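>>> Requesting a structural model of the entry that follows:
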Amino acid sequence: MPDIQSSRDPRGLNLDEVGIQRLKLPLGILERTDSRQMTVGTFTLAVSLDADRRGIHMSRLVEIVHALAPDFTPARALASLEEMCQREEAAHARLEVTFPFFRRKQAPVSGSESLVDYTVSWVGAKHPATPSSWSWILSVPVTTLCPCSREISLYGAHSQRARVTLTLTPRDTLDIETGLDLVESHASAELYGLLKRSDEKYVTERAYERPRFAEDLARDIACALRGDPRFTHFRVAVENFESIHNHSAFASVSSSP
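You can find the predicted model right below:
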């Protein structure tokens, strides 16, 4: 049969990326306990295209991601990047997957169990003559309580839900829970799926005792990461969904490249 994708293109223009995106597949992710959590991943796979080739073979990318998804690990994803370059005869490759990651958490007083979901992405890239690089991107919901509101008010203080987006580039393998624990440990309070009255009292009072600006939270997390030999790069971005304003407050900081 004719192979139209492999025919020569006369326009003389390289394409930075060609591929597939928004492909949803069942995804198996390793937890800290080495058990595998089944979730749903949304994938993007892309490769570069030389000027003399008209197109790539999209089906090859679909085959690669179908083999990867059920037993996903960073090591297997890096191997998939190499396979993408080889099978598509490409110099560059990019693979991304975003998925909900669930943790079973116990309420702080009653011990009631519930699930909390986090949005997690794995992003990897392959470039010519350099090792493949990859990062986790973790979206972590937390509570922050305003230090200024607590200081100036006769009673109470305004608090809000916040989102911390933490990008981590590890030197080696890293479980997702390590990043989640780091963020939650520095927030005014962490979130739970299920709280009894005794738990709600505890969480409310804990947040009051641990006031944090968006600036504070970004700096605290960055200080914990700064100089940590497990990471080559990090970025911390905090967004407070303000409870007394119709806008958000944000702060971000990155390590030196």
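
>>> Going by C-alpha atoms from here, please, whenever you check contacts or count neighbours.
Fine.

>>> Strands along the stretch 101-250 of the chain, start to end?
For the stretch 101-250 of the chain, strands defined by DSSP state E, counting those that start in this stretch occupy the ranges 113-126, 133-145, 159-170, 189-190, 231-241, 248-254.

>>> Would you mind giving those as a markdown table with distance to residue 52 added?
Putting these into a markdown table (distance: least, C-alpha to C-alpha, whole Å) gives the following:
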| stretch | distance to residue 52 |
| --- | --- |
| strand 113-126 | 21 |
| strand 133-145 | 28 |
| strand 159-170 | 35 |
| strand 189-190 | 54 |
| strand 231-241 | 37 |
| strand 248-254 | 39 |
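
>>> Tabulate those (JSON lines), appending mean pLDDT, distance to residue 85 and mean neighbour count.
Shown next, in JSON lines, are the strands of the stretch 101-250 of the chain (pLDDT from 0 to 100; distance: least, C-alpha to C-alpha, whole Å; neighbours: other C-alpha atoms under 10 Å):
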{"stretch": "strand 113-126", "mean pLDDT": "97", "distance to residue 85": "8", "mean neighbour count": "18"}
{"stretch": "strand 133-145", "mean pLDDT": "97", "distance to residue 85": "14", "mean neighbour count": "23"}
{"stretch": "strand 159-170", "mean pLDDT": "96", "distance to residue 85": "22", "mean neighbour count": "21"}
{"stretch": "strand 189-190", "mean pLDDT": "97", "distance to residue 85": "42", "mean neighbour count": "22"}
{"stretch": "strand 231-241", "mean pLDDT": "96", "distance to residue 85": "25", "mean neighbour count": "21"}
{"stretch": "strand 248-254", "mean pLDDT": "97", "distance to residue 85": "30", "mean neighbour count": "16"}
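
>>> how about those, which one is nearest residue 14?
Shortest distance between residue 14 and those, using C-alpha to C-alpha, is found for strand 113-126: 17.1 Å.

>>> what sits against the closest residue to residue 210 other than its chain neighbours?
Counting by C-alpha to C-alpha, 6 or more residues apart in numbering, residue 210 lies nearest to residue 188, which is 4.8 Å off, once chain neighbours are set aside. Under the criterion of C-alpha atoms under 8 Å, 6 or more residues apart in numbering, the contact list for residue 188 reads 142, 143, 144, 145, 206, 207, 208, 209, 210, 211, 212.

>>> Return the member of those residues nearest to residue 230.
Of all the contacts of residue 188, residue 230 sits closest to residue 142, with 24.2 Å by C-alpha to C-alpha.

>>> which residues touch the closest one?
161, 162, 163, 164, 184, 187, 188, 189, 190, 191.

>>> got the contact list for the last one?
For residue 191, the residues meeting the contact criterion (C-alpha under 8 Å, 6+ apart) are 116, 141, 142, 143.

>>> export these to JSON lines and tack on distance to residue 225?
Compiled in JSON lines, those are given as follows (distance: C-alpha to C-alpha, whole Å):
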{"residue": "116", "distance to residue 225": "24"}
{"residue": "141", "distance to residue 225": "19"}
{"residue": "142", "distance to residue 225": "18"}
{"residue": "143", "distance to residue 225": "21"}
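
>>> Check those against residue 105 and report the nearest one.
residue 116 (7.1 Å).
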